[in-house]
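>>> sequence plus predicted model, see below.
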Amino acid sequence: MPRGTKFNEYTNEELSLLKDPMMTTRELAKLLNIGVATVSRTRKRLEFSVPMGAKKGKPNLAKIRKETRVCAHPDCSNTFIVVPSKVRLYCCHRCHSLTLDNSHLQSPEVLKERTKDTTPAYKRYKGLVHRLSGYNYTESIDIINPNRYTRTLCGVEGGWQLDHIIPIKECYEKGISPEEASAISNLRMLPWKENLMRNYVNNT
């Protein structure tokens with residue numbers, strides 16, 4: 001059988017095989033003892049129009065050549081179908097990620113405990129009071145802010161702020177619970193300048 005790519009090296013029988021659209025490239029390469037790329041180039045040079053993909057009446061090898069694998073994760077027994085050439089070992093991304101070395105990552109529970117141990121007690125207390133105060137303000141806005149003053153940051157003309165009558169720091173030092181410190185009876189509206197000066201005096 002010829003190994004070159006010159007047309008005169010092929011017999012009429014071989015040329016008829018090359019022209020046959022039902023013959024796959026791999027089949028021709030095996031019959032003619034030449035490379036797959038050589039078959040493709042020869043057909044192109046001879047201007048033989050051969051449709052791509054599976055041949056009519058012949059099985060689609062890409063669909064037939066599949067195998068069933070068991071997930072490589074030790075705690076998973078799921079199976080999945082894959083083409084043999086694929087290197088996939090796991091049934092899903094979750095199983096794959098669980099086998100990775102994630103020791104450098106910390107779970108939310110660990111981070112929460114670590115934050116609890118390192119965050120100063122007063123800072124945690126203050127944050128809780130602010131959250132509860134915001135909730136109580138939303139629930140009882142008609143009592144705390146009946147005039148609907150606009151709440152703003154410092155520096156905004158005509159702005160007001162939610163103030164704690166007994167300052168949060170004082171509540172903390174006296175052992176008052178966050179629920180009492182954020183109660184409606186301890187909340188009021190103040191112009192931001194007045195609130196700022198009051199905080200300044202309390203912190204000095």
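Cool, got the structure.
>>> for the lengthiest helix in the chain, packing partners?
Secondary structure of the chain per DSSP state H: the longest helix is helix 121-139. For helix 121-139, the helices and strands in contact under the criterion 3 or more C-beta pairs under 8 Å, 6 or more residues apart in numbering; DSSP states H and E are strand 160-164, helix 168-174, helix 178-181, strand 187-191. In short, each C-beta sits where N, CA and C put it, glycine included.
>>> which one of these is the most hemmed in?
Among those, strand 160-164 has the highest mean neighbour count (mean count of other C-beta atoms under 10 Å), at a mean of 20.
>>> low pLDDT regions in the chain?
Confidence mapping of the chain against pLDDT under 70 gives the ranges 1-9, 49-65, 85, 99-119, 200-204.
>>> now do the same contact list for Gly155.
Gly155 sits next to Trp192 when contact means C-beta atoms under 8 Å, 6 or more residues apart in numbering.
>>> shouldn't it be within a strand?
No - the assignment for Gly155, made by DSSP: H, G, I helix; E, B strand; the rest coil, is coil rather than a strand.
>>> and the helices and strands packed on helix 121-139 as JSON lines, adding distance to Ile141?
Putting the helices and strands packed on helix 121-139 into JSON lines (distance: least, C-beta to C-beta, whole Å) gives the following:
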{"stretch": "strand 160-164", "distance to Ile141": "10"}
{"stretch": "helix 168-174", "distance to Ile141": "20"}
{"stretch": "helix 178-181", "distance to Ile141": "19"}
{"stretch": "strand 187-191", "distance to Ile141": "10"}
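>>> out of these, flag the one nearest Thr79.
If you check each of the helices and strands packed on helix 121-139 against Thr79 by C-beta to C-beta, helix 178-181 wins as the nearest, at 53.3 Å.
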